[in-house]
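> Sequence and predicted structure are below.
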There are 2 protein chains.
Amino acid sequence: MSAEDPKVVWHQHSVQRTSREQLAGHRGCVVWFTGLSGSGKSTIANLVDLQLNQRGVHTFLLDGDNIRHGLCASANLLEPTHGSDFAKRFGLGFGPADREENIRRIGSVAQLFVSAAVVTLTAFVSPYRIDRQRVREWVELHGQQGDFIEVFVDTPLEVCESRDPKGLYKLARQGKIASFTGISDPYEAPEHPEIHLHAGHRPGDELASEVVQWLVQQGIV
Amino acid sequence: MSAEDPKVVWHQHSVQRTSREQLAGHRGCVVWFTGLSGSGKSTIANLVDLQLNQRGVHTFLLDGDNIRHGLCASANLLEPTHGSDFAKRFGLGFGPADREENIRRIGSVAQLFVSAAVVTLTAFVSPYRIDRQRVREWVELHGQQGDFIEVFVDTPLEVCESRDPKGLYKLARQGKIASFTGISDPYEAPEHPEIHLHAGHRPGDELASEVVQWLVQQGIV
């Protein structure tokens, strides 16, 4: 076989997921945190990330901080570099189609990380059941059953609202934010999450440990 | 600090890139292969992936196979699941804005993989200098200088066209594909790539080794 002969199609030596998992020492999966704004998703996911990293598990965390400025940037962020037509088409706001595309892109990326043998943590409100279900199907279709682990961070609305870390509930109650999940837009709780965290009045470390223990018990890490 | 007290903002214990790199045993970076269709990008990137995996380097390969069906799916692929309005807005074809968004999404994802301490290989035609330059800036802005390594797979058009692995050049010459890079659409060669592979008449293994040796010499792997 030689590159000089155009009739010979080069053999594609692809590294398989199993080779990547062998190198990592564990399998890849998505641990998908869903819950209201202020429920503690991001805090708990960060603590799980920390605990797993200390155990030698290769992890990554996708959350608003690293997604909303890049992959799922708003029109306002895209406009200066890419122009207004481009920004209007591809920039993501908080309307229904925008949220759908936001979760679709994140799910696609999470699946790539799973293929790379990374335990991939995601922390997004992801309020609609159908969007989460589509991600589950996508991830498992391109991987295997058990690749998608849904974690319902179940914190009562009144607790979330009393925390209001970014002042968003206040603005939503004043009608200054349209389509705010839990106030003017529905949150569709998971019906059969792999992990159901009763999260309202327990410290983040304890909740994170519950997730890590589950992953250990399932033989994932 | 307690979750019960809503006035206490939970401290964010984030895992830093350096911790992920320490665990991986090497730094993250993007190795961005660019070149004409049929230049050998994907084959060489796959061989680099294989060589690095065998050396114990945590890698991942982004290419048409895992991007064009998911993250950067066409309107036709999105339509059955997401409906036609959604598909029309977010689906990517091969027009100028579509190509720009395609490379933007891939660049955003590559940067996430770099943060996860993965040596991230990408194999896309990526014909426009400005798009590649934006990815370089994005990756380095959110990481550090040296995170973006451009590999120009420099294979003469006549060699690429004689290979024509997917029969696309033939269709483009017949006018059946609009905007085909190298035929009816320009390929803007890198001016200062980190690695310039003179790829027309050398075996893929040798070209892949050249890339791996460069990474070794730079102390990246």
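Sure thing, it's come through.
> For the longest helix seen in chain A, which helices and strands make contact with it?
Of all the segments of type helix in chain A, defined by DSSP state H, the longest one is helix A:96-115. When contacts are defined as 3 or more Cβ pairs under 8 Å, 6 or more residues apart in numbering or on different chains; DSSP states H and E, helix A:96-115 sits against strand A:29-34, strand A:59-63, strand A:119-123, helix A:129-141, strand B:59-63, helix B:84-90, helix B:96-115. Every C-beta, even on glycine, is put in place using the N, C-alpha and C of the backbone.
> That helix vs strand B:59-63, what angle?
For helix A:96-115 and strand B:59-63, the angle between their directions (axes from the mean of the first three to the mean of the last three Cα atoms, to 10 degrees) works out to 140 degrees.
> Quick one: mean pLDDT over helix A:96-115.
Helix A:96-115 shows a mean pLDDT of 97 in the predicted model.
> same question, stretch A:159-173
Here the mean pLDDT over stretch A:159-173 is 94, rounded to a whole number.
> Show me what the helix or strand of chain A with the lowest mean pLDDT is in contact with.
The helix or strand with the lowest mean pLDDT-type score in chain A, counting by mean pLDDT, DSSP states H and E, is helix A:64-67 (a mean of 92). Counting by Cβ atoms under 8 Å, 6 or more residues apart in numbering or on different chains, helix A:64-67 makes contact with A:42, A:102, A:106, A:123, A:124, B:112, B:115, all of which sit outside it.
> Ok, stretch A:86-106 next?
By Cβ under 8 Å, 6+ apart, stretch A:86-106 touches A:62, A:67, A:71-79, A:82, A:122, A:124, A:126-128, A:131-132, A:134-135, A:178-179, B:71, B:82, B:85-86, B:89-90, B:97, B:100-101, B:104-105.
> element containing residue A:50, please.
Under the criterion DSSP states H and E, the helix or strand holding residue A:50 is helix A:41-54.
> quick one: contacts of that helix?
Outside helix A:41-54, the residues that touch it by Cβ under 8 Å, 6+ apart are A:31, A:33-35, A:59-61, A:63-64, A:119, A:121-125, A:153, A:197, A:199, A:204-205, A:207-209, A:211-212, A:215, A:221, B:10, B:12-15, B:19-20, B:23.
> same thing but 7 Å
Helix A:41-54 is touched from outside by A:31, A:33, A:35, A:59, A:61, A:63, A:119, A:121, A:123, A:153, A:204-205, A:207-209, A:211-212, A:221, B:10, B:12-15, B:19, B:23, with contacts defined as Cβ atoms under 7 Å, 6 or more residues apart in numbering or on different chains.
> hmm, back to that, tell me which helix or strand comes right after the least confident helix or strand of chain A.
Reading on from helix A:64-67 to the C-terminus, the next helix or strand found by DSSP H and E is helix A:75-82.
> so that following helix versus helix B:129-141, what angle?
With the same axes, to 10 degrees as the criterion, the two stretches helix A:75-82 and helix B:129-141 enclose an angle of 120 degrees.
> With only the CA atoms kept, save helix A:75-82 in PDB.
The C-alpha trace of helix A:75-82 is given here as PDB (Å, rounded to 0.1, in the frame of the first residue of the first chain):
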ATOM      1  CA  ALA A  75     -26.300  37.000  19.100                       C
ATOM      2  CA  ASN A  76     -24.700  39.900  21.000                       C
ATOM      3  CA  LEU A  77     -21.500  38.000  21.500                       C
ATOM      4  CA  LEU A  78     -21.300  36.800  17.900                       C
ATOM      5  CA  GLU A  79     -22.200  40.100  16.200                       C
ATOM      6  CA  PRO A  80     -18.900  42.000  16.600                       C
ATOM      7  CA  THR A  81     -16.800  39.200  15.100                       C
ATOM      8  CA  HIS A  82     -19.300  37.600  12.700                       C
END
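> hmm, back to that, how far does the longest helix of chain A sit from its chain's centre?
Between the mean C-alpha location of helix A:96-115 and the chain-wide mean there is a distance of 8 Å, by Cα atoms, centre = their mean, to the nearest Å.
> ditto for stretch A:27-37
The mean C-alpha position of stretch A:27-37 is separated from the chain mean by 5 Å, Cα atoms, centre = their mean.
> Of all the residues in it, which ones are buried?
Residues of stretch A:27-37 classed as buried under the neighbour-count rule (16 or more other Cβ atoms under 10 Å in any protein chain shown) are A:27, A:28, A:29, A:30, A:31, A:32, A:33, A:34, A:35, A:36, A:37.
> For residue A:199, see how far away residue A:163 is.
The gap separating residue A:163 from residue A:199 is 11 Å, by Cβ to Cβ, to the nearest Å.
> for residue A:66, same thing?
Here the criterion is Cβ to Cβ. By it, residue A:66 lies 23 Å from residue A:199.
> the more surrounded of those two?
Between residue A:66 and residue A:199, counted using other Cβ atoms under 10 Å in any protein chain shown, the more crowded position is residue A:199 (26 against 16).
> Leaving aside the residues adjacent along the chain, what's closest to that one?
Nearest non-adjacent residue to residue A:199, counting by Cβ to Cβ, 6 or more residues apart in numbering or on different chains: residue A:155, 4.6 Å away.
> How many residues are close by the one you found?
Here the count is done by other Cβ under 10 Å, and residue A:155 has 24 residues near it.
> can I assume it is in contact with residue A:34?
No. Under the contact definition of Cβ atoms under 7 Å, residue A:155 does not touch residue A:34, with a separation of 11.4 Å.
> who's in contact with the residue nearest to residue A:199?
By Cβ under 7 Å, 6+ apart, the contact set of residue A:155 is A:35, A:36, A:39, A:40, A:199, A:200.
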